[in-house]
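Undergrad: Sequence and predicted structure, then a few things I'm wondering about:
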Amino acid sequence: MRIIFLVFILVNVLGCTSPTSTTAKVQYLTVLHTNDNHGRFWHNDEGEYGMAARKTLIDRLRAQAKEQGHSVLLLSGGDINTGIPESDLQQAEPDFKGMSLIGYDAMALGNHEFDNPISVLKKQQQWANFPLLSANIFDKETGEHAFESYKIFNKNGLKIAVIGLTTTDTAKIGNPQYIGHLEFRDPVTVTAKLANEIKTKYNPDITIAVTHMGHYVDAKPGINAPGDVTLARSLKANTLDMIIGGHSQEPVCMAGKNINDDNFKPGLACKPDQQNGTWIMQAHEWGKYVGKAEFKLENGTLTLLDYKLMPVNLYVDKLQADGSTKRELANEYITPDEKVQTFLKVYQDKGAKQIAGSIGILKGDLQGDRNKVRYQQTNLARVIIQAQMDAVNADFGIISGGGIRSSIKAGEVSYKDILKVHPFKNRITYIDWSGSDLWDYLNIVTRFPADAGAYLQYHKLSFDLENNTLSNVKINGQPFDKNKTYRMSINSYNASGGDGYPALTDKPHFVSTNHTDVEALKAFFIKHNPVYANDYAPK
């Protein structure tokens, strides 16, 4: 009887304690990320960033993470294309192959992945040994996903779903000639549906959106399409554990709830945004930083343990004892990986050879910075437009501010300088307007607001726009005449409807030439050497 009683007690004790005595499995994940590479496979003139140094840093971070028992995932928020001539002339081949050598796991398709014909993007997919993801781009004809939507990763037993998303603004700012067959659908609707499907099919431990949509503080995108904050807020809480983003090209560092940390500098602490249970992260641009997020997963709860934006050989102005400032590295120097450096140098040398040599002299700077050409009239915009007007004998010309990608500094001007301004290789087009039709067109394009790629840059044209009424229009200094015919120069991108401009390609008296914006600007500098920046200062 005593034996039976002891057995009864033992069975009950074991039955009660076995579920709670099993220690819950704790897993760790380190997510590394970059975004908006824009052709910066090589370091700049100061030795900042560059893929070879990035490789060294990422290898070190991977090793440290694995020593701590962490799984590692490396993601990119997209926009690998467009920005540096040495890369642009080689269709970003060194960038995609460099990313493959570094060991990226996946990237989001950015809007600049569509700067070239789709045939180029297909080649880039082959150069990459990782998937280029976007769940919200569909083929108009078939209604099917145009690209791989998501990827499931198994990292040491940790199941991770990564969903790719692309800004719907691509439909507006992308080249209509290359994306006309694609539909860019609402990311919120697509993600909500897809996340449920993935959960049912795979039941992942962690779900990540790698996006190219932009981080806009407190979900205030302005004229831009809604971005990461809107996505996180619009989904059911905790649908996404994190968003690894790009597009707005900023370090996402928060000083408080919905308050940006405007004082962040390389080497300082950075707290990512959190919305509706979702962490949101972005690592500025160009590979200047590698973002490193360390997470713990325990009992289904994901906790952020640590986050850093780690500078890649960035210089900052440091205050000296005598009160002066000196340019110094924000962190210790990162020696570029020799193998990657050697591999990429072949491309760097090839690209440099194509753009070597001076084409003229510039007296004074020509302003083409993003924070200028999208807000106000600039002298570089007027030089660009004058060059295009000269090519087609136009009365006046226009261009969207977003089509200007770099400034030109005083001194010798090289072919590389021209290519940095015009990386898209648009053709010069023109249209002979009747005065009445032109008036209707101007009533649209003059209303594009500042802080947008569509912002109108113009030359030999003036007007007033008060109380939402267009008036006092002059062309070449003469009052506008609705009975006259006017020739307007415009690039093929805007003429095709890019940046939301009315499409002109099917209108009477529209002509597309074989001259490119690069050729026109180069010819202008050769013809007018030296060029005086003050001659084109906006009045």
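TA: Received it, and whenever you're ready, just let me know what you need. Numbering: from 1, shown residues only.
Undergrad: Point out where the protein drops to low pLDDT.
TA: Along the chain, the model assigns pLDDT under 70 to residues 1-24.
Undergrad: Three-state assignment for the nearest residue to residue 420 once chain neighbours are set aside, please.
TA: Counting by C-beta to C-beta, 6 or more residues apart in numbering, the nearest residue to residue 420 once its immediate chain neighbours are dropped is residue 406, at 3.9 Å. To be clear about C-beta, it is placed using only N, CA and C from the backbone, and glycine gets the same treatment. Three-state secondary structure (criterion: DSSP: H, G, I helix; E, B strand; the rest coil) places residue 406 in coil.
Undergrad: Identify the residues contacting residue 406.
TA: Residue 406 is in contact with 368, 369, 417, 420, 421, counting by C-beta atoms under 8 Å, 6 or more residues apart in numbering.
Undergrad: Please verify my assumption that the last one contacts residue 521.
TA: Spelled out, that is residue 421. Yes. Taking contact to mean C-beta atoms under 8 Å, the distance of 6.7 Å between residue 421 and residue 521 places them in contact.
Undergrad: which of the two has more neighbours?
TA: The residue with more neighbours, out of residue 421 and residue 521, is residue 521; 25 against 22, by other C-beta atoms under 10 Å.
Undergrad: part of a strand, is that one?
TA: No. When classified by three-state DSSP, residue 521 is found to be helix rather than part of a strand.
Undergrad: Skip the chain neighbours and tell me the closest residue to residue 94.
TA: Leaving aside its chain neighbours, residue 94 sits nearest to residue 347 (3.7 Å; criterion: C-beta to C-beta, 6+ apart).
Undergrad: what about that neighbour, how many residues close to it?
TA: Residue 347 is flanked by 21 other residues according to other C-beta under 10 Å.
Undergrad: Which residues does the helix or strand where it lies contact?
TA: Using DSSP states H and E, the element containing residue 347 is helix 338-354. Outside helix 338-354, the residues within contact range by C-beta under 8 Å, 6+ apart are 41-42, 51-52, 55, 85-87, 89-90, 93-94, 97-98, 101-102, 415.
Undergrad: Using PDB, write out every CA atom in it.
TA: Only the C-alpha atoms of helix 338-354 are listed here, as PDB (Å, rounded to 0.1, in the frame of the first residue of the first chain):
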ATOM      1  CA  GLU A 338      41.900  43.500 -49.300                       C
ATOM      2  CA  LYS A 339      40.000  41.000 -51.400                       C
ATOM      3  CA  VAL A 340      37.000  43.200 -51.900                       C
ATOM      4  CA  GLN A 341      39.200  46.300 -52.500                       C
ATOM      5  CA  THR A 342      41.200  44.500 -55.200                       C
ATOM      6  CA  PHE A 343      38.000  43.200 -56.900                       C
ATOM      7  CA  LEU A 344      36.300  46.600 -56.900                       C
ATOM      8  CA  LYS A 345      39.400  48.500 -58.000                       C
ATOM      9  CA  VAL A 346      39.100  47.000 -61.500                       C
ATOM     10  CA  TYR A 347      35.700  48.600 -61.900                       C
ATOM     11  CA  GLN A 348      36.900  51.900 -60.300                       C
ATOM     12  CA  ASP A 349      39.800  52.200 -62.700                       C
ATOM     13  CA  LYS A 350      37.600  51.300 -65.700                       C
ATOM     14  CA  GLY A 351      35.000  53.900 -64.800                       C
ATOM     15  CA  ALA A 352      37.600  56.600 -64.000                       C
ATOM     16  CA  LYS A 353      39.200  56.100 -67.400                       C
ATOM     17  CA  GLN A 354      35.900  56.700 -69.100                       C
END
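Undergrad: Figure out how far that helix is from the centre of its chain.
TA: Here helix 338-354 is found 24 Å from its chain centre; the criterion is C-alpha atoms, centre = their mean, to the nearest Å.
Undergrad: Give the next helix or strand downstream of that helix.
TA: Read in the C-terminal direction, the helix or strand following helix 338-354 is strand 358-363, with elements assigned using DSSP H and E.
Undergrad: Of all the residues in that following strand, which ones are buried?
TA: Using 16 or more other C-beta atoms under 10 Å as the test for burial, strand 358-363 gives 359, 360, 362.
Undergrad: Quickly run through the sheet partners of it, with directions.
TA: Here strand 358-363 has these sheet partners by DSSP bridges: strand 411-414 (antiparallel), strand 531-532 (parallel).
Undergrad: got those strands as CSV, with mean neighbour count columns?
TA: Listed next are the strands paired with strand 358-363 as CSV, based on neighbours: other C-beta atoms under 10 Å:
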stretch, mean neighbour count
strand 411-414, 16
strand 531-532, 18
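Undergrad: Now those in a markdown table, please, with extra columns for distance to residue 109.
TA: What follows is the strands paired with strand 358-363, written out as a markdown table (distance: least, C-beta to C-beta, whole Å):
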| stretch | distance to residue 109 |
| --- | --- |
| strand 411-414 | 32 |
| strand 531-532 | 38 |
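Undergrad: do you know which of those strands lies nearest residue 177?
TA: Closest to residue 177 of the strands paired with strand 358-363 is strand 411-414 (C-beta to C-beta; 28.9 Å).
Undergrad: Which elements pack onto the helix or strand following that closest one?
TA: Toward the C-terminal end, the helix or strand that comes next after strand 411-414 (DSSP H and E) is helix 415-421. Helices and strands touching helix 415-421, as assessed by 3 or more C-beta pairs under 8 Å, 6 or more residues apart in numbering; DSSP states H and E, comprise helix 85-88, helix 517-527.
Undergrad: Quickly compare these and say which is most buried.
TA: When you average the neighbours per residue for each of the helices and strands packed on helix 415-421 (mean count of other C-beta atoms under 10 Å), helix 85-88 leads with a mean of 24.
Undergrad: what's in contact with it?
TA: Identification of contacts with helix 85-88 by C-beta under 8 Å, 6+ apart yields 39-42, 81-82, 94-95, 347-348, 350-352, 354-355, 415-416, 419-420, 423.
Undergrad: Are any of those buried, and if so which?
TA: When burial is judged by neighbour count using 16+ other C-beta under 10 Å, the buried members of those are 39-42, 81-82, 94-95, 347-348, 351, 355, 415-416, 419-420, 423.
Undergrad: Kindly state the domain boundaries assigned to the chain.
TA: What the record gives for the chain is the domain set 26-348, 358-536, from automatic domain parsing.
Undergrad: what's the first-to-last distance across the last one?
TA: Length of domain 358-536, first residue to last, C-alpha to C-alpha, to the nearest Å: 21 Å.
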